[in-house]
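J.: Just to be clear, the model below is a prediction. Sequence and coordinates:
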Protein chains: 2
Amino acid sequence: MKLNSETIISAEAGKQDIVVKKVLDAPRELVFKAYTDLELYTKWYGPREATITIDKFEPVNGGVWRYIYHNQRGNEYTFYGVYHKVVKDEIIINTFEFEGPGSFVTLQTTIFEELPNNKTSLTAKSLFESVELRDSEVKYGMNGITDTYERLEEVLKNLKK
Amino acid sequence: MKLNSETIISAEAGKQDIVVKKVLDAPRELVFKAYTDLELYTKWYGPREATITIDKFEPVNGGVWRYIYHNQRGNEYTFYGVYHKVVKDEIIINTFEFEGPGSFVTLQTTIFEELPNNKTSLTAKSLFESVELRDSEVKYGMNGITDTYERLEEVLKNLKK
């Protein structure tokens, strides 16, 4: 499938964050809806090989969330966090953690900006507790990131049809 | 007043966090209680010159918090966030943000560790969205930090009497 835009991932040496930028060919309201509408969200969030069960999904200030990924080998992985801030069509700030031993929390900020011609600039920052944890994510987690934003793009394309 | 221990503040160049360490002459259960008991909390949290009004205080997984500081010049400052994780006597992870223009979120992790002789090692990490914001806090916010941990120490001393 031909995609409209590449997913740009920045991880500056020595910093504790990863910044993902993507331009989406959909209006900002629709992109924000893809993050806050339960039915839409399950269609794109996570890597391609996983299906997702939503246990809690409260995308409002002070809300909580909890998801279970099921991969094709029958394994389950649970993630959870809280929504610090949700401003309609503008910004979502939430915590993110794997539920299990050796886990660590990250702080995620997603910014939605209007572009001309009904396009949207998406900026997603993840903030890590240390440079080491950030570097490890850069090394092992990037396939999941590109997968998830490609799936978002596909869902938005189908919505516009 | 003679204090038992100094407050050690670390902010490594180029990093996005501040780490505060303090050894307290009180058992871990009591230190944790000072963070999660509403009445105790209002006795020490914040700089000396401020009084504090608590609007929301839910120190549990997924809970929210919101405080208003009143300083001696009659100004009010509101802060709020969510509790990502609260494990009794062990750890508290929460978000923190000033309510107003130009604000930014930080992620705070407080770790309580038992030491011999009923002492407790407290480690409080604050994670910032950028090195610049972290550096600004180091430059302007340190008096508030030393104040608040000295007040905690005093409250714990009085509790032990």
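T.: All right, it came through fine.
J.: what's A:Tyr136 sitting at in phi/psi?
T.: That one is not Tyr; residue A:136 is Ser. Note on A:Ser136: its backbone torsions stand at phi -70, psi -40 [degrees, to the nearest 10].
J.: With chain B as the reference, measure out to it.
T.: 16 Å (C-beta to the nearest C-beta, to the nearest Å). (Each C-beta comes from the backbone N, C-alpha and C, glycine too.)
J.: count of neighbours near that residue?
T.: A:Ser136 has 13 neighbours, counted by other C-beta atoms under 10 Å in any protein chain shown.
J.: ok, it to A:Thr106 distance?
T.: 12 Å (C-beta to C-beta, to the nearest Å).
J.: Then A:Leu115?
T.: Taking C-beta to C-beta as the criterion, A:Leu115 is separated from A:Thr106 by 27 Å.
J.: In terms of neighbours, single out the busier of those two.
T.: When A:Leu115 is set against A:Thr106 and neighbours are counted by other C-beta under 10 Å, the residue ahead is A:Thr106, at 23 against 13.
J.: Which strand residues bridge that one?
T.: Following DSSP bridges, A:Thr106 is listed with bridge partners A:Phe96.
J.: hmm, who's touching whichever helix or strand A:Leu30 is part of?
T.: Element membership of A:Leu30, judged by DSSP states H and E, is helix A:28-36. Taking C-beta atoms under 8 Å, 6 or more residues apart in numbering or on different chains as the criterion, the residues outside helix A:28-36 that touch it are A:24, A:40-41, A:44, A:59, A:86, A:88-90, A:92, A:110, A:112-114, A:120, A:122, A:152, A:155-156, A:159-160.
J.: now, which of the residues you listed lie within strands?
T.: Residues from the contacts of helix A:28-36 lying in strands, with DSSP state E as the criterion: A:24, A:86, A:92, A:110, A:112-114, A:120, A:122.
J.: Determine which two of those are furthest apart.
T.: Using C-beta to C-beta, the ones in strands among the contacts of helix A:28-36 span at most 18.9 Å, a distance reached by A:Leu24 and A:Val86.
J.: out of the two, which sits in the more crowded spot?
T.: A:Leu24 (23 against 20).
J.: give me every residue that touches that one.
T.: Shown here is A:Leu24, whose contacts under the criterion C-beta under 8 Å, 6+ apart are A:4-5, A:31, A:119-122, A:152-153, A:156.
J.: Let me know the angle separating the longest helix along chain A from helix A:28-36.
T.: Taking DSSP state H as the assignment, the helix of chain A that covers the most residues is helix A:142-160. In this structure, helix A:142-160 runs at an angle of 130 degrees to helix A:28-36, with axes from the mean of the first three to the mean of the last three C-alpha atoms, to 10 degrees as the basis.
J.: Next, the buried residues of helix A:142-160.
T.: Across helix A:142-160, burial judged by 16 or more other C-beta atoms under 10 Å in any protein chain shown covers A:144-153, A:155-156.
J.: Same check on stretch A:132-142?
T.: Using 16+ other C-beta under 10 Å as the burial criterion, the residues of stretch A:132-142 that qualify are A:134-135, A:137.
J.: so which of those residues comes closest to chain B?
T.: Using C-beta to the nearest C-beta, A:Arg134 is the member of the buried residues of stretch A:132-142 that sits closest to chain B, with 9.6 Å.
J.: That closest one reaches A:Glu12, doesn't it?
T.: No. Contact between A:Arg134 and A:Glu12 fails when scored by C-beta atoms under 8 Å: they sit 9.7 Å apart.
J.: interface residues of chain A facing chain B?
T.: In this structure, chain A approaches chain B at residues A:14-17, A:61-62, A:64, A:81-85, A:93, A:95, A:97, A:105, A:107, A:109, A:125, A:127, A:129, A:131, judged by C-beta under 8 Å from any C-beta of the partner chain.
J.: Any chance of a ChimeraX selection covering the buried ones in those residues?
T.: Buried residues among these (16+ other C-beta under 10 Å), as a ChimeraX selection:
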select /A:15,16,17,62,64,81,82,83,84,85,93,95,97,105,107,109,125,127,129,131
